[in-house]
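Colleague: Generate coordinates for the sequence data below:
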Amino acid sequence: GSPDEIYTGAGIGVAVLDSGIDAHPDTHSRVVYRVATASMRMPTADLWGHGTHVAGIIAGDGTESGGLYRGMAPGATMVAVRMLDDTGEGYTSAVIAGLDFVLNYKDQFGIRVVNISLGKAIQEEAALDPLVQAVEAVWDAGIVVVCSAGNFGRDCYFTITSPGNSRKAITVGALTDWNTADTADDTVASYSSRGPTLLDHFAKP
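Modeller: Got it, this is the predicted structure:
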């Protein structure tokens, strides 16, 4: 079959650490469990919408569009770990609690990938950052961790956010495709944070 038929993410669980995942037609059947860290009120609601957006990119199955617009891995399942509130804000401790949840329940839900599309300012070397330490514990447990670079590219270099400054995590920036299918004209989005990382000077994203 075609790559679209073969590489669907079937059998892979993705933990989405974000603002939750709403019951959207494209993602509802893909979510096998919802949980909120102690600081959040409702594990099932995503009033901010960011987590649902991210979930659609990851594993939306295209139900609403008749299969036309699908996520990258429409066969994957997702665990919604809600750590951001209704305004998209949260605490570093809540993210760490979410990562602890992943470590404790990775086998039960078949979690092989963690997506963290959020970040905080770098305030210490990566080796001393509790959030980076929590990310690397998950990576060391055999789970791929994907982090966003951040949205501070207009401030130039050294703008990668934590935990994207982890040497073990895959740190992803954003690009502008200029509405063409040809990737040759793609450029880094102006807002996408750029490396190297502050203090450590790791090459990121």
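Colleague: rest of the way, CA atoms for contacts and neighbours
Modeller: OK.
Colleague: can you give me the strands in this structure?
Modeller: If DSSP state E is used as the criterion, the strands of the chain fall at 13-18, 31-36, 77-82, 111-116, 144-148, 170-172, 175-176, 187-188.
Colleague: Mean neighbour count, mean pLDDT and distance to residue 54 for the ones you listed - can I get that in TSV?
Modeller: As requested, those are arranged in TSV below (neighbours: other C-alpha atoms under 10 Å; pLDDT from 0 to 100; distance: least, C-alpha to C-alpha, whole Å):
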stretch	mean neighbour count	mean pLDDT	distance to residue 54
strand 13-18	28	98	8
strand 31-36	18	94	13
strand 77-82	28	96	11
strand 111-116	21	98	9
strand 144-148	23	98	11
strand 170-172	20	98	13
strand 175-176	14	96	16
strand 187-188	13	96	19
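Colleague: Take these and lay them out in a markdown table including distance to residue 135.
Modeller: Below are the strands of the chain laid out as a markdown table (distance: least, C-alpha to C-alpha, whole Å):
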| stretch | distance to residue 135 |
| --- | --- |
| strand 13-18 | 12 |
| strand 31-36 | 18 |
| strand 77-82 | 15 |
| strand 111-116 | 9 |
| strand 144-148 | 7 |
| strand 170-172 | 11 |
| strand 175-176 | 25 |
| strand 187-188 | 25 |
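Colleague: Which one of those strands lies nearest to residue 199?
Modeller: With C-alpha to C-alpha, the closest approach to residue 199 among those belongs to strand 170-172: 16.7 Å.
Colleague: Strand partners (parallel or antiparallel) of the closest one?
Modeller: Its sheet considered, strand 170-172 pairs with strand 144-148 (parallel) by DSSP bridges.
Colleague: So what touches the strand it pairs with?
Modeller: Under the contact criterion C-alpha atoms under 8 Å, 6 or more residues apart in numbering, strand 144-148 has outside partners 112-119, 135, 138-139, 161, 163-164, 168-173.
Colleague: quick check: angle from it to strand 111-116?
Modeller: In terms of direction (axes from the mean of the first three to the mean of the last three C-alpha atoms, to 10 degrees), strand 144-148 departs from strand 111-116 by 10 degrees.
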